[in-house]
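[1] kindly generate the corresponding structure for this input.
(one chain, ligands or ions: 1)
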Amino acid sequence: MRRILVTGGAGFIGSNFVHYLSENTDCTITVLDKLTYAASREALEGLDVQLVVGDVADPAVVDDLVGRHDAVVHFAAESHNDNSLSDPGPFIATNIVGTFCLLEAARRHDVRLHHISTDEVYGDLALEDPARFTEATPYNPSSPYSAAKAGSDHLVRAWVRSFGVRATISNCSNNYGPWQHVEKFIPRQITNVLGGGRPKVYGTGANVRDWIHAADHSSAVWEILQRGRIGETYLIGADGERDNLTVVREILRQLGRSEDEYDLVTDRAGHDLRYAIDSTKLRTELGWAPAYGDFEAGLAQTIGWYQAHESWWRTHKQATEAAYATRGQA
Ligand code: DAU
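    Next up, the predicted model:
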């Protein structure tokens with residue numbers, strides 16, 4: 001697998017994967033990215049990567065590009081739940097139609113495909129339930145975002161079975177790290193505090209997320225791409241369960257502020273209670289393990305990154321907070 005096409009490679013998780021490939025492999029890398037509000041050219045600066053600006057849902061762009069590569073890693077997606085509640089349309093177009101276009105191109109050119117998905121396709125778990133998601137958990141998505149991702153996963157499975165497309169799927173938990181847009185929970189709270197404001201916590205802050213550093217997501221995807229079994233799904237997670245209040249208090253503590261300097265704001269409609277990943281299959285079958293076992297250390301590194309990249313996130317901050325204000329969440 002010498003020539004790799006990364007869709008959504010200028011976004012948060014996609015660009016972290018491109019950095020991983022550049023540092024750890026000698027692959028030739030092409031990025032296909034629409035450069036929406038959540039992507040940035042800066043995330044790829046200094047890397048030996050060809051950037052094609054285009055839409056993954058445009059067959060004219062996708063077919064030719066896919067045919068010139070050995071493998072495609074498909075990150076391109078609309079990914080923010082709150083946006084999917086305000087305007088679901090782009091989620092259907094990019095996540096479902098975009099995946100369909102890629103699958104058709106992969107089928108035509110017999111190109112290996114890895115599809116990046118989310119643990120949200122499984123719905124949520126009760127707060128006190130010891131259960132975690134596994135590859136056998138039934139699909140039960142809650143939001144337009146997670147329903148669109150679930151739809152794309154079903155398409156991938158159908159194209160494997162019906163047409164013999166050589167594809168794998170991974171469903172990962174909540175990512176954090178460099179280049180994450182300030183609309184998402186951790187960067188929103190870090191940048192609020194850096195700007196002299198206060199973190200904004202939905203509901204009571206009891207919801208639980210299972211945090212993984214984006215670099216660990218990347219290493220897992222690379223293992224699956226090389227050695228994963230065709231047609232299989234692998235869950236990716238780093239045993240990082242924390243409730244939202246605990247994360248906010250840790251951000252405040254690391255930035256030298258009092259741990260109760262946050263605001264509770266209007267809850268998200270249909271807010272999933274808890275996600276938790278059992279990644280036993282990935283760890284035992286492919287021998288993968290996360291490098292960032294210590295969430296608080298990974299968070300400290302991420303806070304340092306936002307402190308050093310204020311000129312990047314400042315450009316997005318005002319519009320993002322204005323959108324939250326219209327929803328009563330600022
Ligand atoms: O689980 C994987 C998923 O994680 C990915 O598929 C999604 O693309 C990604 O956005 C993330 O989904 P969440 O909805 O869990 O992430 P978000 O950062 O939006 O919110 C994390 C938690 O924090 C969630 O319980 C909502 C809460 N929250 C979020 C924001 C933006 C707040 O309390 N305050 C906030 O300001």
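[2] hmm, Asp216 is touching Ala291, no?
    Yes - if you go by Cβ atoms under 8 Å, Asp216 and Ala291 touch, sitting 5.9 Å apart. Bear in mind the C-beta positions are built from the backbone N, C-alpha and C, glycine included.
[3] who has more neighbours out of these two?
    Asp216 (25 against 11; other Cβ atoms under 10 Å).
[4] ok, now which ones touch that one?
    Counting by Cβ atoms under 8 Å, 6 or more residues apart in numbering, Asp216 touches 236, 238, 290-292.
[5] any of those buried? List them.
    Buried members of the contacts of Asp216, counted by 16 or more other Cβ atoms under 10 Å: 236, 238, 290, 292.
[6] quick one, what contacts the third one?
    Taking Cβ under 8 Å, 6+ apart, we find Pro290 in contact with 212-213, 216, 219-220, 238.
[7] in whichever helix or strand Leu103 is part of, which residues are buried?
    Leu103 belongs to helix 98-109 when elements are defined using DSSP states H and E. Buried positions in helix 98-109, judged by neighbour count with 16+ other Cβ under 10 Å: 98-107.
[8] go on, stretch 170-188?
    Buried residues in stretch 170-188 (16+ other Cβ under 10 Å): 170-188.
[9] contacting the ligand as well, which ones from those residues?
    173-174, 184-185, 188 (Cβ under 6 Å from any ligand atom).
[10] on that earlier part again, and the contacts of the helix holding Leu103?
    7, 55-59, 62-63, 65-67, 72, 74, 76-77, 111-113, 115, 152, 155-156, 159, 163, 165-167.
[11] which helices and strands sit right next to the helix or strand following it?
    Tracing the chain past helix 98-109, the next element assigned as helix or strand by DSSP H and E is strand 112-118. Applying 3 or more Cβ pairs under 8 Å, 6 or more residues apart in numbering; DSSP states H and E, we find strand 112-118 packed against strand 71-74, helix 98-109, helix 144-163, strand 167-172, helix 214-227.
[12] could I get those as CSV with distance to Asp263 and mean pLDDT?
    Formatted as CSV, the helices and strands packed on strand 112-118 follow (distance: least, Cβ to Cβ, whole Å; pLDDT from 0 to 100):
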stretch, distance to Asp263, mean pLDDT
strand 71-74, 37, 98
helix 98-109, 36, 98
helix 144-163, 25, 98
strand 167-172, 29, 99
helix 214-227, 27, 98
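[13] which stretch among those comes nearest Phe91?
    With Cβ to Cβ as the criterion, Phe91 lies closest to helix 144-163 of those, at 4.3 Å.
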